[in-house]
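**Q** coordinates only, sequence not included:
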């Protein structure tokens, strides 16, 4: 497989140019670019560059690597996502705030809210900010990790289009509704949990369907709500199942977590929620996503927080692994390993098809210069 090695700065600049070419404000484009590049840098390619733009149908090989879930260029071009204005605080107290995202790009709303949550946590020990009128905001962990810069705990949640069938149900009524929490430890170390409350991302089911492969049992269900290994049944009237899979294996726990995220986001913020959120891939109406951002200052609690966090992670990293080739990791360790690999290589490796596709998108909207693809690596 051929991959192009591209620096973070080059990818970020490219995304900014593309977004500005369709009328996005520079600082809004920068906010989006930073989130997407961070997703790729951490190894979450499903939430990075490949979500930036759509320029029509690509080849079948491209479809294996490019996700069409949320296309920011298309959202701005179509006008379904606003490009003018800034988020507005509608209501607030010393520790809380309700924000109207004004239908702006999700990262613009997310940064505004997380900064506000951190500011409140500095003043009173905790900041809890919720927003309505937002859009897809990239990886949830990006916002939780912002609190680490202030030696604080950060949390971030968002609801999404309904793709998940609740335990004992047949209809998709919940999104993948991610949960993220970041906590500081000593010497720059940190705990970073960033997970969907669905068993798997829909893109993984799509990938198996395109390859003609079955999916593992516990990923999705058919239109009758029964677990299936046929990806076509999941994508044609079925849906994803919550973390845990079936009821017998604890899927009701993932269902409960997804509902919790919905309470924090759609319900608390007065945003769209559950099956009232627009259908995935459709942009016939605004998303009106609900999001929640929390910052907590450990200094307001028992002393020695970072010492204990380091101890907690050391306990688990130091465990005897069941398989000597796969050590026990703490949440955030796989992403750190990916970042280290990128640093060693001198850039982020992208499949060449993704780069070619994105360059074609850029040409159509008049964004230059294009991404370089002269530094190829094979793996």
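**A** Structure received. On a predicted model such as this, the values are computed, not experimentally measured, just so you know.
**Q** residues touching residue 21, list them.
**A** The neighbours of residue 21, taking CB atoms under 8 Å, 6 or more residues apart in numbering as the test, are 362, 365, 366, 367. Using the backbone N, CA and C atoms, a C-beta is placed for each residue, glycine as well.
**Q** Could you grab the helix/strand/coil label for residue 182?
**A** Reducing the assignment at residue 182 to three states with DSSP: H, G, I helix; E, B strand; the rest coil gives strand.
**Q** Next one: the residue nearest to it when sequence neighbours are not counted from residue 126, what distance?
**A** Once its chain neighbours are removed from consideration, residue 182 has its nearest residue in residue 144; the separation is 4.0 Å (CB to CB, 6 or more residues apart in numbering). As defined by CB to CB, to the nearest Å, residue 144 lies at a distance of 14 Å from residue 126.
**Q** higher neighbour count, these two?
**A** Taking residue 144 and residue 126 together and counting by other CB atoms under 10 Å, residue 144 has the greater number of neighbours (27 against 18).
**Q** Tell me how far the host helix or strand of that one lies from the chain's centre.
**A** Assigned by DSSP states H and E, residue 144 falls within helix 140-146. Taking CA atoms, centre = their mean, to the nearest Å, one finds the center of helix 140-146 at 9 Å from the center of the full chain.
**Q** Could I get the average pLDDT for it?
**A** Helix 140-146 comes out with an average pLDDT of 98.
**Q** check contacts around the residue lying closest to residue 216 once chain neighbours are set aside.
**A** The shortest distance from residue 216 to any residue that is not its chain neighbour, by CB to CB, 6+ apart, is 7.0 Å, and that residue is residue 229. If a contact means CB under 8 Å, 6+ apart, then residue 229 has 214, 215, 216, 217 as its contacts.
**Q** Would you map the strands across this structure?
**A** 2-6, 88-92, 96-100, 126-134, 153-158, 179-184, 190-195, 220-221, 227-228, 239-240, 289-296, 348-351, 376-378 (DSSP state E).
**Q** what would the ones you listed look like in TSV with distance to residue 305 and mean pLDDT?
**A** What follows is these, written out as TSV (distance: least, CB to CB, whole Å; pLDDT from 0 to 100):
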stretch	distance to residue 305	mean pLDDT
strand 2-6	38	91
strand 88-92	27	98
strand 96-100	23	99
strand 126-134	14	99
strand 153-158	8	98
strand 179-184	8	98
strand 190-195	11	98
strand 220-221	40	98
strand 227-228	42	97
strand 239-240	36	98
strand 289-296	10	99
strand 348-351	33	94
strand 376-378	41	79
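**Q** Using CSV, please lay out the ones you listed together with distance to residue 327.
**A** As requested, the strands of the chain are arranged in CSV below (distance: least, CB to CB, whole Å):
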stretch, distance to residue 327
strand 2-6, 26
strand 88-92, 45
strand 96-100, 41
strand 126-134, 35
strand 153-158, 26
strand 179-184, 21
strand 190-195, 17
strand 220-221, 30
strand 227-228, 31
strand 239-240, 30
strand 289-296, 30
strand 348-351, 23
strand 376-378, 26
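**Q** can you tell me which of those strands comes nearest to residue 40?
**A** Residue 40 lies closest, by CB to CB, to one member of these: strand 348-351, at 5.1 Å.
**Q** Could you give the number of residues near residue 313?
**A** Here the count is done by other CB under 10 Å, and residue 313 has 21 residues near it.
**Q** In the record's domain split, what are the boundaries for this structure?
**A** Residue ranges for the structural domains of the chain, counted by automatic domain parsing, are given in the record as 1-78+347-379, 87-199+241-331.
**Q** Those: lowest mean pLDDT?
**A** Least confidently modelled of those is domain 1-78+347-379, at a mean of 84 by mean pLDDT.
**Q** still on that earlier bit, quick check on the contacts of residue 229: which are buried?
**A** Neighbour-count burial within the contacts of residue 229 applies to residue 215; the criterion is 16 or more other CB atoms under 10 Å.
**Q** In CSV, list the contacts of residue 229 along with distance to residue 133 and pLDDT.
**A** Below are the contacts of residue 229 laid out as CSV (distance: CB to CB, whole Å; pLDDT from 0 to 100):
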residue, distance to residue 133, pLDDT
214, 40, 97
215, 35, 97
216, 37, 96
217, 39, 94
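**Q** Most widely separated two among the contacts of residue 21?
**A** Longest distance between any two of the contacts of residue 21 is 8.1 Å, between 362 and 366; criterion CB to CB.
**Q** Looking at those two, which is more packed in?
**A** residue 362 (23 against 10).
**Q** who's in contact with the more buried one?
**A** 14, 17, 18, 21, 53, 368, 370, 371.
**Q** Tell me the one of the residues you listed nearest residue 278?
**A** Distance to residue 278, by CB to CB, is smallest for residue 53 among those, at 19.6 Å.
**Q** Show me which residues of stretch 172-189 are buried.
**A** Going by 16+ other CB under 10 Å, stretch 172-189 has these buried residues: 172-185, 189.
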